[in-house]
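Student: Need the 3D shape of this:
(2 chains)
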Amino acid sequence: MRKLYPYLLLIPTFVIIIMFIYYPAGSALKLSLYKTSPFGNRTIYVGLRNFRQLFEDPEYLYAVRFTLIYVSVSVAITIFMSFIIAYMLTRGVPGTRIYRTFLFAPYAVSPAIAGTLWTFLLNPVVGHVNYFFAKLFGIQVAWLTSKPYAFYALIFATVWKMLPFDMIFYIASIQDVSLDIIEASTLDGANTMTRVWRIIFPLVSPITFYLVIMNIVTTMFSSFAIVDVMTSGGPGGYTTNMIYKLYLDAFTFQKRGPAAAESMIMFAIMLVVTIIYFSFAERKVHYQ
Amino acid sequence: MKKLFVVFLLLALVATLSLAKVKIQFWHAMGGWRIDFLAQQAEKFNATHPDIEVQVQYTGSYRDTLNKLIVSVQAGAAPHVVQVFDVGTQIMVDGGIAVPVGDLMANDPTFDLGKFLPQVLSYYRVNGKLYSMPFNSSNAILYYNKTIFKEAGLDPDKPPRTFEEFKEAARTITKYYQGNVVGFGFNLHSWFFEQLMAAQSAPMCDNNNGRTGRPTKAVFNNEAGLKIFEWLNDMKKEGTMIETKVEDWTGARNLFISQKAAMLLSSTSDVALMMNASKENGFEFGTAFLPTPADAPAGGAVIGGGSLWIIGGHPDKEIQAAWEFVKFMADTEQQIEWHKATGYFPVRKDAVEQLLFSGYYAQYPDHLTALMQLMLSEQNYNARGAIIGAYPEIRTAVEQNLEKMFGGELTPAEALKRAEEAATRAIKEYNEVY
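Tutor: Numbering: from 1, shown residues only, chains lettered A, B, ... in the order given. The predicted structure follows:
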């Protein structure tokens, strides 16, 4: 009876997980082996042909490459900047609370709204950014419809959106670093740079590890809204990443089979990333 | 006593059952203030049809609505009436989920199909059958800013009619305003490519634009297609055109309304909106037919917009109620109100007659442009527009390659060729399951 009791308590959770995660995941796996008509009234079993076609499709391969670049660039910038800003915000500068509030604001904005906001600001003709650029440097840039600016705009908006989340975590963990260690390092003659990068940064590495994982997940899976609103994957497919390609195939072109195959590929990538990172992190990350 | 009570109860039950209203769901994709407008129309229907209750729901964009429909059909909870966009027609027919309105018409002696515009009917007829009821019909027209035309020294009553004149006008305006106003604001939407193809009587796909059989390949890589691509590319290179991102209707409208672009191609459904906006922003605008290359053969305007579909799998009584509602929405009075409020043109002859005789068009000539463009259209397969299951993907293919051309990566000829190849691939993939 005692052995059974904990399992009984777990049942509600499992019912929900199975209904909303495992069952749909299983269906997606099955769907990825079929070609179906939009209304599902015709289906043909095609085995792994959906996957094979994806890997032969230059557009899909481009989306994979673009995702890699987009994820690594935006995550690297976000981690770096949020750490620097968090460090500065823990120095006890007057007005820290106000800065913190302002910097945290983007986190409360939904991705779709953030995208809309940047679309307004970056509008080539009536946008504020171009207004100032035209006044100051006399140039006008088609931010969202030309290469490579669409990519810069996307990175900028993504970083702006993700930064506050990381920053809050860094502030908390930097404040957690024992003052003794800082004092000792100061007495030993360590300058600010050494102190930040050789002492504090390694000490907060568990948080960095967590944030990198979270950010990768965000940029891989939740970047749909920001891409859709800002660039719609354009110009010419230039900013189409994997999740946006999946959306196009599934909900615009009604190709559920290939779309399911794409979701399986994304699942596999995330699985590999997580496994590698965990086994690596278990050994390398410094836990206090 | 007890028996009497049971009998009474049974009677009450029968009475309520027979009095119960037939409830039908109506899903549509008309956002903004049009949500309220359609809700009012449904209210009016409910008031005049006491035994039917229509529940209206706005289900997001055309694409969202189609996706919701697909999911709801598979879940067995489909609505009775749903608005589907023009390019969804083949998908709907292939899905086999609709009750063709043609069948319902045949059984309804009160209904006269002869009152409808033949041009509209011929667009929605697939394999000789009318599957859905035309509701909000549009085509693309040219909007131009008369105030800017006047100031730049152009004749405000002579909008450009050919590609060449159009380019010249764009050049004059851009030069006059030193680039602060450009000649043309282009909504990067494949719909305009399709419309400009039809205006030159050129086909999009084989089998007579998919009208005499399922299309097997795209054929728009031809002289007419190249002329459109080159026309756009020339203006882009000269700096007399700004393009929006893909399918950005609002962005394109804003270019025109803020008077940053003097000409715009947009749907006639924007006429009412533009009339208000131009008044607010203090400029005068005019509308005209789509421009074509000077030497192009005469073509026509393709019907755009949406139509109302009745979804099967419901009890007969509900299907009949849905038919009543669809009939109501396509009726004279509703079509006139809808036309005045938006700019979608009426799909009925008697509605057009009434509007004409009441002097409405003398007062609002811009409401007449799209209708006249349609009336003066050639009636052939090419001018009628294509019907293809893979249309959504073809649109993306055209748009992506246009963008690459604007970015200078591809020449117009290369871009057109690639777009056609991608479109053919999409058609072949779609046909695999059928």
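Student: CA only for contacts and neighbour counts going forward, please
Tutor: OK.
Student: My understanding was that B:Val347 contacts B:Pro134; is that so?
Tutor: Yes - between B:Val347 and B:Pro134 there is a contact under C-alpha atoms under 8 Å: 6.7 Å.
Student: Now list whatever residues contact both of those two.
Tutor: Common neighbours of B:Val347 and B:Pro134, counting by C-alpha atoms under 8 Å, 6 or more residues apart in numbering or on different chains, are B:120, B:330.
Student: Helix, strand or coil: sort out A:Val272 for me.
Tutor: Going by DSSP: H, G, I helix; E, B strand; the rest coil, the secondary structure assigned to A:Val272 is helix.
Student: how about the strands in the stretch 51-200 of chain B?
Tutor: Counting by DSSP state E, counting those that start in this stretch, the segments of the stretch 51-200 of chain B that form strands are B:52-58, B:81-85, B:98-99, B:125-126, B:129-130, B:133-138, B:140-145, B:182-188.
Student: I'd like to know which of the ones you listed is closest to B:Ala362.
Tutor: Minimum separation from B:Ala362 across those (C-alpha to C-alpha) falls at strand B:140-145, 18.3 Å.
Student: And the helices in the stretch 101-250 of chain A?
Tutor: Taking DSSP state H, counting those that start in this stretch, the helices of the stretch 101-250 of chain A run over residues A:111-121, A:128-137, A:149-176, A:179-187, A:192-194, A:201-203, A:205-221, A:224-230, A:242-247.
Student: As a markdown table, those with mean pLDDT and mean neighbour count would be great.
Tutor: Rendered in a markdown table, the data for the helices of the stretch 101-250 of chain A read as follows (pLDDT from 0 to 100; neighbours: other C-alpha atoms under 10 Å in any protein chain shown):
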| stretch | mean pLDDT | mean neighbour count |
| --- | --- | --- |
| helix A:111-121 | 84 | 19 |
| helix A:128-137 | 83 | 14 |
| helix A:149-176 | 91 | 20 |
| helix A:179-187 | 84 | 12 |
| helix A:192-194 | 84 | 11 |
| helix A:201-203 | 88 | 19 |
| helix A:205-221 | 88 | 19 |
| helix A:224-230 | 89 | 22 |
| helix A:242-247 | 95 | 23 |
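Student: what about the ones you listed, which gets the closest to B:Ser190?
Tutor: helix A:224-230 (17.7 Å).
Student: Any part of that closest one near chain B?
Tutor: No - when contact is scored as C-alpha under 8 Å from any C-alpha of the partner chain, no part of helix A:224-230 falls within range of chain B; the minimum is 8.7 Å.
Student: contact partners of that helix?
Tutor: By C-alpha under 8 Å, 6+ apart, the surrounding residues in contact with helix A:224-230 are A:111-112, A:114-116, A:118-119, A:144, A:154, A:157-158, A:233, A:239-240, A:243-244.
Student: coming back round to it: which one of the strands of the stretch 51-200 of chain B lies nearest to chain A?
Tutor: strand B:182-188 (10.3 Å; C-alpha to the nearest C-alpha).
Student: State the mean pLDDT of that closest one.
Tutor: Along strand B:182-188, the predicted confidence averages to a pLDDT of 95.
Student: strands paired with it, and their directions?
Tutor: Strands that pair with strand B:182-188, judged by DSSP bridges, come out as strand B:241-246 (parallel), strand B:261-267 (parallel).
Student: okay, now residue 48: neighbour count?
Tutor: The chain I'm using is chain A. Neighbour count of A:Leu48, defined by other C-alpha atoms under 10 Å in any protein chain shown: 12.
Student: try chain B instead
Tutor: Number of residues near B:Thr48 (other C-alpha under 10 Å) recorded here: 10.
Student: follow-up on the earlier one: to A:Thr192, which of the strands of the stretch 51-200 of chain B lies closest?
Tutor: Comparing the strands of the stretch 51-200 of chain B under C-alpha to C-alpha, the one sitting nearest is strand B:182-188, at 52.2 Å.
Student: Can I get the strands of the stretch 51-200 of chain B in JSON lines including mean neighbour count?
Tutor: Compiled in JSON lines, those are given as follows (neighbours: other C-alpha atoms under 10 Å in any protein chain shown):
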{"stretch": "strand B:52-58", "mean neighbour count": "20"}
{"stretch": "strand B:81-85", "mean neighbour count": "25"}
{"stretch": "strand B:98-99", "mean neighbour count": "19"}
{"stretch": "strand B:125-126", "mean neighbour count": "18"}
{"stretch": "strand B:129-130", "mean neighbour count": "16"}
{"stretch": "strand B:133-138", "mean neighbour count": "26"}
{"stretch": "strand B:140-145", "mean neighbour count": "24"}
{"stretch": "strand B:182-188", "mean neighbour count": "27"}
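Student: what about A:Lys3, how many neighbours?
Tutor: As a measure of burial, A:Lys3 has 7 neighbours, counting by other C-alpha under 10 Å.
Student: same deal with the one 5 residues further on?
Tutor: Using other C-alpha under 10 Å, A:Leu8 has 9 neighbouring residues.
Student: burial count for A:Met88?
Tutor: For A:Met88, which is what you asked about, the neighbour count (other C-alpha under 10 Å) is 13.
Student: for B:Asp112, phi and psi?
Tutor: Summarising the backbone geometry of B:Asp112 under the convention degrees, to the nearest 10, its torsions are phi -120, psi 100.
Student: meant to ask about B:Phe285
Tutor: Main-chain dihedrals, B:Phe285, degrees, to the nearest 10: phi -130, psi 160.
Student: What distance do you get for the residue nearest to it when sequence neighbours are not counted to A:Pro124?
Tutor: In this structure, B:Phe285 finds its nearest non-sequential neighbour in B:Asn145, 4.4 Å apart by C-alpha to C-alpha, 6 or more residues apart in numbering or on different chains. Spatial separation of B:Asn145 from A:Pro124 under the definition C-alpha to C-alpha, to the nearest Å is 20 Å.
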